[in-house]
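J.: 3D model of this:
(chains A and B)
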There are 2 protein chains.
Amino acid sequence: MLVLRKPYLLFIGDVRSAVDAKTALGLVDWCPDDVLGELAFPRAALSTGKPAMSVAEAAAAGAGSLLIGIAPAGGALPAHWLPSLLDAVHAGLDIVSGLHTRLTDIPELVDAAAAAGVQLQDVRHGAWPRVTGTGRKRSGQRVLTVGTDCALGKKYTALALTRALQARGVPATFRATGQTGVMISGSGVAIDAVVSDFIAGVAEQLSPDNAADHWDVIEGQGSLFHPAYAGVSLGLLHGSQPDALVMCHDAGRRHIASLPGFATPSLPTAIEACLSAGRLTNAAIRCIGVSVNSSSLGEAAWRDYREQLQAELNLPVVDPMRGGVESLAQVIHHYNKESSHVA
Amino acid sequence: MLVLRKPYLLFIGDVRSAVDAKTALGLVDWCPDDVLGELAFPRAALSTGKPAMSVAEAAAAGAGSLLIGIAPAGGALPAHWLPSLLDAVHAGLDIVSGLHTRLTDIPELVDAAAAAGVQLQDVRHGAWPRVTGTGRKRSGQRVLTVGTDCALGKKYTALALTRALQARGVPATFRATGQTGVMISGSGVAIDAVVSDFIAGVAEQLSPDNAADHWDVIEGQGSLFHPAYAGVSLGLLHGSQPDALVMCHDAGRRHIASLPGFATPSLPTAIEACLSAGRLTNAAIRCIGVSVNSSSLGEAAWRDYREQLQAELNLPVVDPMRGGVESLAQVIHHYNKESSHVA
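T.: So this is what the prediction gives:
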């Protein structure tokens, strides 16, 4: 598993737009206390709101890593960023990157990191244990966010649910399975980079044995209904052996993103498919609610949509961006109270 | 994809038993014309039946590769094998290996191969295209062997079915997804070595567009009911987009191999799960029969078992080792004849 060294100095360089700065803005949103400051070039188009900081200032303030918080045009690391990264390495900071380009493929950086004794953390290509799944039931409890498609709020829902549980005093840990999630939590694995023989085994390692009342909130990936990524989703589902699922859905999406030939499944179909597959490693699995990305709906339309869906599915329906995930946290909190009465 | 250079010189070194020589014996069984001879040490415990041949004799006879046909004790390449491999490299042969140990991790061999201009083919770790799945429907037809568990005859069934189709004049190609299959066919991919993001995409590449009456017979892997490997099985199923499935089963197996907590599914359950998942990329998918490993049953028990199962499932039931797979080939042949009547 990846373990990153916090707190971060956020590198946003010559960022052009909020879309490019998605990673940086996500970090400031979800782990603001882990971000000491930002390092921007003079022509940067925006600020994350964190104080401007040089590498030397960040190192003096105890930064553990410089984290590349922007997506460069074309995906590759621009040559004019390298001096900032080398400065950080020389100052004793690790470098954290989610780019396709590997830091470890840049000889100058590799040599400097070796000399300084710091890590180059390529989150997208990170290390993971080469273990196959065993199906052994683990102690503690787990909730996994699943979806009718990719990219519709599984990470956001898991983060919001973790926060809501912690606010209620329920012991909960966010478990990251994608690069931004790993950066936010400081540990985890980019599960889609794992060799397929080991998907379930790595997912098992990600949420180890824990206290009976503890909940791991596991970030889901892909969808059982995505023709390219269903294998990842199934391996993650089996290895996570969740007690509870939250089904994530985009109210405006009629087909799988970028694949017009593949209709998004109905929610009852998607829920039943996930429960059916999940029973292999946890017979007690149940769906505790639906998390909707309702950005395509006006306020009244969203209210109607939610009421209809709640009646149809007999489950709480939330949009984390429109009122939060309290009703999901309530279900889990209630389970814990029920269990402690029994115990 | 891997493409290997045939014909082979089979290296069996100091083989101790038929179990150790599984790969070599499989090759002699399934592609005897591609095996020129065997290279054994004086203390070898058995012969594959192929003529003894030195590296020089094999090279003179036109061998393309020395293929390591035995599993060494402990899994690693014994040092006393290396001189034979170096001889082969110097004689212009590629080396083909399915061991965990990578040939490309042995500097002496890497240097010699570079100097001789030959390939070191680590089948277990072989190259594959980094493409994600698209779900695009391809021309031609495909049959995939699936299973209630691992290691119960999916490769054997696919090879036997390919041979039976070809004997009937149906154009058919075996598509290998595991290391022994790749060695037999001379091309393919070890699908469990593919990074999980690319499973379905690689499976799509493995059985490309083809003539309308052509059948790819795809070697299945794992099982949707295996808690460690279901992700691989699902990605392969989606990417293969099979028109037909053959469900493989071991009549004597009560639980998933080495996992006593996981019962093998009933055949109707396993068939329905595979069809349901497979419909995502091919709505016309159907199961055309069941291939049973009946080695645990006596002759009379096998007849009863088969009759009961055929009546229950309304599908042909075969054991490739007990009477072959003719009834499966007949179903496929019949489809082709039906289609050509329509066309």
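
J.: what's the domain layout of chain A?
T.: A:2-125, A:141-342 (automatic domain parsing).

J.: Which of the ones you listed sits closest to A:Thr132?
T.: Among the domains of chain A, domain A:141-342 comes nearest to A:Thr132, with 4.5 Å by Cβ to Cβ. All C-beta atoms are positioned from the backbone trio N, CA, C, and that covers glycine.

J.: and the closest one with chain B, contact?
T.: Yes: interface with chain B: domain A:141-342 contributes A:191-197, A:199-201, A:224-225, A:227-236, A:238-239, A:259, A:261-262, A:273, A:276-277, A:280-281 (Cβ under 8 Å from any Cβ of the partner chain).

J.: Just the buried residues from those, in ChimeraX please.
T.: Buried members of the residues of domain A:141-342 next to chain B, defined by 16 or more other Cβ atoms under 10 Å in any protein chain shown, are picked up in ChimeraX with:
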select /A:191,192,193,194,195,196,197,199,200,201,224,225,227,228,229,230,231,232,233,234,235,236,238,239,259,262,273,277,280,281
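
J.: still on that earlier bit, right, so the domains of chain A: which one is the most enclosed?
T.: Greatest average neighbour count among the domains of chain A goes to domain A:141-342 (a mean of 21), per mean count of other Cβ atoms under 10 Å in any protein chain shown.

J.: how about the helices in the stretch 201-343 of chain A?
T.: Assigned by DSSP state H, counting those that start in this stretch, the stretch 201-343 of chain A shows helices spanning A:230-240, A:267-278, A:299-313, A:326-342.

J.: okay if I get these as CSV plus mean pLDDT?
T.: CSV is the format used below for the helices of the stretch 201-343 of chain A (pLDDT from 0 to 100):
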stretch, mean pLDDT
helix A:230-240, 98
helix A:267-278, 98
helix A:299-313, 97
helix A:326-342, 87
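
J.: so which of those comes closest to B:Gly64?
T.: Closest approach to B:Gly64 among the helices of the stretch 201-343 of chain A (Cβ to Cβ): helix A:230-240, 33.5 Å.

J.: Next up, the contacts around A:Asp14.
T.: A:Ala40, A:Phe41, A:Arg43, A:Ala44 (Cβ atoms under 8 Å, 6 or more residues apart in numbering or on different chains).

J.: for it, phi and psi?
T.: phi -100, psi 50 (degrees, to the nearest 10).

J.: Nearest spatial neighbour of it, chain-adjacent residues omitted?
T.: Counting by Cβ to Cβ, 6 or more residues apart in numbering or on different chains, A:Phe41 is the residue found nearest to A:Asp14 once chain neighbours are left out, at 4.5 Å.

J.: just to revisit the earlier point, which one of the helices of the stretch 201-343 of chain A lies nearest to A:Ile68?
T.: Between the helices of the stretch 201-343 of chain A, helix A:230-240 lies closest to A:Ile68; by Cβ to Cβ that is 24.4 Å.

J.: Go ahead and name everything in contact with the helix or strand containing A:Thr162.
T.: Using DSSP states H and E, A:Thr162 sits in helix A:154-167. Outside helix A:154-167, the residues that touch it by Cβ under 8 Å, 6+ apart are A:30, A:143, A:145-147, A:171-175, A:178, A:180-181, A:184, A:215, A:217-221, A:246, A:248, A:291, A:320-321, A:324-326, A:328-329, A:332-333.

J.: Could you tell me how far that helix lies from the centre of the chain?
T.: Between the centre of helix A:154-167 and the centre of its host chain there is 10 Å, according to Cα atoms, centre = their mean, to the nearest Å.

J.: angle of it against helix A:230-240?
T.: Comparing the axes of helix A:154-167 and helix A:230-240 via axes from the mean of the first three to the mean of the last three Cα atoms, to 10 degrees yields an angle of 20 degrees.

J.: And the helices in the stretch 1-150 of chain A, which stretches?
T.: Using DSSP H, counting those that start in this stretch, the helices of the stretch 1-150 of chain A run over A:22-30, A:55-60, A:82-90, A:107-116.

J.: okay, those helices in CSV with mean pLDDT and distance to chain B next?
T.: Below are the helices of the stretch 1-150 of chain A laid out as CSV (pLDDT from 0 to 100; distance: least, Cβ to the nearest Cβ, whole Å):
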stretch, mean pLDDT, distance to chain B
helix A:22-30, 94, 19
helix A:55-60, 98, 33
helix A:82-90, 98, 25
helix A:107-116, 97, 20
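
J.: Need those in TSV (columns: distance to B:Leu315).
T.: Formatted as TSV, the helices of the stretch 1-150 of chain A follow (distance: least, Cβ to Cβ, whole Å):
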stretch	distance to B:Leu315
helix A:22-30	51
helix A:55-60	67
helix A:82-90	61
helix A:107-116	58
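
J.: so how far is stretch A:220-234 off the chain centroid?
T.: Distance, centroid of stretch A:220-234 to centroid of chain: 15 Å (Cα atoms, centre = their mean).

J.: Quick check: end-to-end length of it?
T.: For stretch A:220-234, the first-to-last residue distance is 10 Å (Cα to Cα, to the nearest Å).

J.: One more: stretch A:11-22?
T.: End-to-end distance for stretch A:11-22: 12 Å, by Cα to Cα.

J.: same thing with stretch A:204-214?
T.: End-to-end span of stretch A:204-214 (Cα to Cα): 16 Å.

J.: hmm, who's touching that stretch?
T.: Applying Cβ under 8 Å, 6+ apart, the contact partners of stretch A:204-214 are A:1, A:128-129, A:131, A:133-134, A:136, A:138-142, A:170-173, A:175, A:177, A:188-189, A:216, A:218, A:239-241, A:336, A:339-340, A:343.

J.: could you redo the last one with a cut-off of 6 Å?
T.: Contacts of stretch A:204-214 with the rest of the structure, by Cβ atoms under 6 Å, 6 or more residues apart in numbering or on different chains, involve A:Pro129, A:Gly133, A:Arg138, A:Ser139, A:Gly140, A:Arg142, A:Pro171, A:Arg175, A:Asp216, A:Ile218, A:Gly239, A:Asn336.

J.: In space, what's closest to the third one - neighbours in sequence excluded?
T.: Counting by Cβ to Cβ, 6+ apart, the nearest residue to A:Arg138 once its immediate chain neighbours are dropped is A:Asp209, at 4.8 Å.

J.: contacting residues for the spatially most central residue of chain A?
T.: When Cα atoms, centre = their mean is applied to chain A, the residue found nearest the centroid is A:Gly181 (3.1 Å). Neighbour list for A:Gly181: A:Lys155, A:Gly188, A:Glu219 [criterion: Cβ under 6 Å, 6+ apart].

J.: again with A:Ser291
T.: By Cβ under 6 Å, 6+ apart, the residues touching A:Ser291 are A:Gly153, A:Thr157, A:Val246, A:Cys248, A:Val318.

J.: Many thanks, have a good one.
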